[in-house]
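1. dropping a prediction and its sequence here:
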Amino acid sequence: MSKLTFTRTALLAGLLSLSGTVLAAQDPWPQSEVLTRLFVLRPSDGEKLARDLKLSPAQVAELRRMAGSERSYGRAAAQVLGRDEAAHLNGKLATMRAEKDRKTRLTLGGSYPAFREWVRVWWNGEVSGSQSRSRFR
């Protein structure tokens, strides 16, 4: 491989990994504590989600219940004291995220795609607002 080809390949790999990072920042589900933010920290946003998607009281109750579980895992991360504990917690978090997504799909049924789109738009608004506020500090 020539030096120029290697450089182009390395540049392309870097750009692809960067685009993945940007995409992840735009779609927080299920990696981020979205339900906690919607139903615990900013309940008015959770109410807006429920109204916009016309969720039933049972669906909202289940999302709130999952927010509590999500939050307890977030708190557990603050108690990690070493590399082994962190690795163990990361495994548990990956399992929890997959289960959270599975339960959300079951709970929302046909509304799941609209939920994902709503969360992406809401999240990007939150990120943009946060960036704007930090510029004025």
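-> Sure, I can see it. Residues are numbered from 1 along each chain as shown.
2. next structured bit after the worst-scoring helix or strand of the chain on mean pLDDT?
-> One helix or strand of the chain scores below all others by mean pLDDT, DSSP states H and E: helix 3-26, with a mean of 47. Note on helix 3-26: by DSSP states H and E, the next helix or strand toward the C-terminus is helix 34-36.
3. what residues sit buried inside that next one?
-> Under the neighbour-count criterion of 16 or more other CB atoms under 10 Å, helix 34-36 has 34, 35, 36 buried. Every residue, glycine included, has its C-beta placed from N, CA and C.
4. for those, which one is nearest residue 64?
-> Set against residue 64, the nearest of the buried residues of helix 34-36 by CB to CB is residue 35 (7.9 Å).
5. how close does the closest one get to residue 100?
-> Distance check for residue 35 against residue 100: by CB to CB, to the nearest Å, it reads 7 Å.
6. what's the overlap in contacts for those two?
-> Between them, residue 35 and residue 100 share the neighbouring residues 66, 70, with contact defined by CB atoms under 8 Å, 6 or more residues apart in numbering.
7. quick one: contacts for residue 72?
-> Here residue 72 is in contact with no residue (CB under 8 Å, 6+ apart).
8. and it, its phi and psi?
-> The phi/psi pair for residue 72 (degrees, to the nearest 10) reads phi -70, psi -40.
9. and the longest helix belonging to the chain, what does it pack against?
-> If each helix of the chain is counted by residues according to DSSP state H, the longest one is helix 83-108. In terms of contacts (3 or more CB pairs under 8 Å, 6 or more residues apart in numbering; DSSP states H and E), helix 83-108 is packed against helix 57-77, helix 112-135.
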